[in-house]
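Enquirer: Need the 3D shape of this:
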Amino acid sequence: MPTIRQKSSTKELLSCPPKRYGKKEERAAFFHFSWKQTIFWSSSIRFKLCLIMLSSVVGALILVEKRRSLMEGLEVLPLNLMTFFDEWEVRVSIILSLVLQILLIALGSRRKYICRLWIRIVLWSAYLLADWVAVVSLGIISKNTLDKCHKKINDETGIELRWFWAQFFLLHLGGPDTITAYSLEDNELWLRHLVGMVIQTGLAFYVLLVAMPGSDWLPSLSVLIFIAGGIKYGERLSTLCAANSENFRHSMLPEPDPGPNYAKFMEEYALKGAEGFCVSVDEVKEIHAPAQHNFPDEPGVREAYDLFLTFKRLFADTILSFQDRDRSKSYFMTLSGKKAFEVVEIELGFMFDELYTKASIVYNLRGCILRTITFSCTLIAWMVFIFVCDKGKYKMFDLVITHLLLGVAVFLEIYAVWALVNSDWTRRLRGCDRSRRTTSFARVIQWFQQPVKKRWSEKAAQHNLLDICVGNKFAVLPRSIKRVTRIYHYIEKQWHKSFVDVSIDLKELIFKELKSYTHGSDPASMWNRRGSFTLQSYPSLSLDEINERDFDERILLWHIATDLCYSYDPPDNESKETVDHSKHISDYMLYLLIVYPFMLPMGIGMIRFRDTCAEAKVFFRERGAMISTKGEACKKLLEVSTQVPPAKVKGDRSKTVLFDACILAKFLLAMKVQRWEIISKVWVEMLAHAATHCSGNHHAHQLRKGGELLSHVWLLMAHLGITEQFQISQGHARVKIKAK
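Expert: Here you go, the predicted model:
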């Protein structure tokens, strides 16, 4: 391959002399020339992205042309089959695009409160296919338009109807209101969508220009659909751009504050000194009244929205003021656990809408005006097509498709209005005192609102180490298959995952413990506790060695110990509620350690988990005839003598904590009183520690998967002031010049 010189002139880059190469050399020279052009022209990463998008679209159009030329030249397929394919490819693609739009609008908002895997698979597939089908179909129609211009197509009526369908692909590219991004990474690609919007809108406009000389009503109807599609595509792009991490963080920053005018103050100071005065500076002390909330006693959507406007800065990893902390804390200290979690889930629902839907663009006055325009355009187009257009020259199946396109477009607009009426964005207007007009509008809307659906899944995923080791059905697979099949570990995690309901009693337990953290001298320091604070509250416990362990090691230790205590000494009816809550948090924390380790403090938790599982499987395999249930497995583990510390026997190469957990379990089983009270407090403390050490970006990621209990605890702790993301400042200094 020829080498690229360090210094090349513009002329050399733009005009390379033709050379004769072989096939391999020709490809190498082509890529060499393209790379030189890219280096010359791409002055920024964003421009490179534009070039990639342009080249991919142009390449797709070339591929369509080459495919047809190859099929025509080589006659790979029979003529009848080729004719059938050319006739039905646009019809099939428009129906497929319509089905995908229905799936997106039906499931886009439901993923907020459904945590099952199936909805993510279906939605992910529909999200990827929807854009691809629309882009390819627009390319096919534009290619057919070129063939029509060159008199290669004689189907006048068919091509005119397809020109009308092309505008619906632009409408579908705009997407429904319920989903603009499948994940946060899609928001980062807003520039790619901008390039795609320019290209696809240009193709649709080109088709529209070609269709305009027609004598029928279809060209005029195409203009209406083109306007609606352009508006929807612009809404999608605006949402992606606003939810981009850089733009989102920038929108959270306060206005620049230059502070008091120091230069002017010093001029006055120097002037007084020049006049012969004895000048001094006295600080004016201001007494700040404690910040109090002005919310009603009964929390609602309006109060949650006001808090959301302040605390959404946490998702951008920015800081809050002490006034925000005191105002929020004074409010949440008066709430019950149920009401506090309800306020938090409303806030997280607003955050989901802002990051993954068109809510921030559509759910305002400007959005209502745009929605009125798009609805009017689609409805007028449908009515004119039904009552005015001459439909006798079109095929019946094409007419059915056209009616479906128009009818579904109108239905989706009506559904969007219905979703707006029943959303929290409209409910927040209730109780608003800004104007009588707004209050009256909210009262009218209230008549059409339905009861609130679930705002999140209210599920906590569960993983249990002993269940995995005792009843692992995947262990029978050969090791070679496990190594070759990369997806094996993912399937295994999903297979052993279960869910439990996050009950009101569990919420009350968590909120009660979090409120107790605020009574100390320094509540903000509680975010760095890892279970040691609870153990320090019980001086009779001699577990200092456990306090020195890493956080991921503590999770495994307490998880196995909790499971052993739960299986060996089942709780009675009086303590069953506390025991179940401890067990659920224990299994939930192990689930986070296995599936979402990035949501926990940095460590080697996965290594410790695998080593512990390996030791447990060896132990159970050696006693396979005596172990058939999990209860028997726990009994055999507790029968092992642990007089010698495991670290002295095993060394530090293996990170297993199996028998360290047995030692802890034996110590806890020896306690007849307060055992489960201590265990539950330790688990809530570790849950709180994990929540505060997870970044806001990771919490935002989990909103699209039905929500995580950890995210609710994180935001709840922030409202109580138990976080490090507060800037304690008293405002500007107040001084005055004192001249004598």
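Enquirer: residues contacting the closest residue to Thr178 other than its chain neighbours?
Expert: Distances taken as C-beta to C-beta, 6 or more residues apart in numbering place Gly108 nearest to Thr178, at 3.1 Å, with adjacent residues excluded. For every residue, glycine as well, the C-beta is placed using N, CA and C. Contacts here follow C-beta atoms under 8 Å, 6 or more residues apart in numbering; on that basis Gly108 touches 123, 176, 178-179, 356-357.
Enquirer: What of Asp467?
Expert: By C-beta under 8 Å, 6+ apart, the contact set of Asp467 is 496, 630.
Enquirer: quick check: mean pLDDT across the helix or strand encompassing it?
Expert: For Asp467, the host element (DSSP states H and E) is helix 465-470. Helix 465-470 comes out with an average pLDDT of 90.
Enquirer: same thing with stretch 659-670?
Expert: Mean pLDDT, stretch 659-670: 92.
Enquirer: Now for Val99, how many residues are close by?
Expert: 15 (other C-beta atoms under 10 Å).
Enquirer: my bad, should have said Asp563
Expert: Asp563: 24 neighbours (other C-beta under 10 Å).
Enquirer: From Tyr182, how far off is it?
Expert: With distances taken as C-beta to C-beta, to the nearest Å, Asp563 is found 36 Å from Tyr182.
Enquirer: same question, Asn144
Expert: Taken as C-beta to C-beta, the span from Asn144 to Tyr182 is 31 Å.
Enquirer: so where's the stretch 201-350 of the chain shaky on pLDDT?
Expert: 214-215, 284-299 (pLDDT under 70).
Enquirer: for the stretch 601-740 of the chain, that is, sorry about that
Expert: Across the stretch 601-740 of the chain, residues meeting the criterion (pLDDT under 70) sit at 625-626, 727-736, 738, 740.
Enquirer: neighbours of Ser575, just the number please.
Expert: Counted with other C-beta under 10 Å, residues neighbouring Ser575 total 14.
Enquirer: typo on my end, Leu209
Expert: With other C-beta under 10 Å as criterion, Leu209 counts 11.
Enquirer: what about it, which SS state?
Expert: Under DSSP: H, G, I helix; E, B strand; the rest coil, Leu209 falls in the helix class.
Enquirer: And for Ala461?
Expert: strand.
Enquirer: Then Ser280?
Expert: The three-state label given to Ser280 by three-state DSSP is strand.
Enquirer: that older thread, please identify which two of the contacts of Gly108 are farthest apart in space.
Expert: Leu123 and Thr357 (12.7 Å; C-beta to C-beta).
Enquirer: Of the two, which one has the most company?
Expert: Under the criterion of other C-beta under 10 Å, the comparison of Leu123 against Thr357 puts Thr357 first, with 25 against 21.
Enquirer: That one touches Ser109, doesn't it?
Expert: Yes. Counting by C-beta atoms under 8 Å, Thr357 does reach Ser109; the two are 7.1 Å apart.
Enquirer: Now list whatever residues contact both of those two.
Expert: The overlap between the contact sets of Thr357 and Ser109 (C-beta under 8 Å, 6+ apart) consists of 178-179.
Enquirer: Extract the CA atoms of stretch 453-461 and return them as CSV.
Expert: Taking only C-alpha atoms (Å, rounded to 0.1, in the frame of the first residue of the first chain), the coordinates of stretch 453-461 have been written out as CSV:
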residue,chain,number,x,y,z
LYS,A,453,-51.2,3.8,36.5
LYS,A,454,-48.0,2.5,38.1
ARG,A,455,-45.2,5.0,37.7
TRP,A,456,-42.5,2.3,38.1
SER,A,457,-42.3,-1.4,38.3
GLU,A,458,-42.3,-1.5,42.1
LYS,A,459,-40.2,-4.7,41.8
ALA,A,460,-36.8,-5.6,43.2
ALA,A,461,-34.8,-8.2,41.3
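Enquirer: Noted, bye for now.
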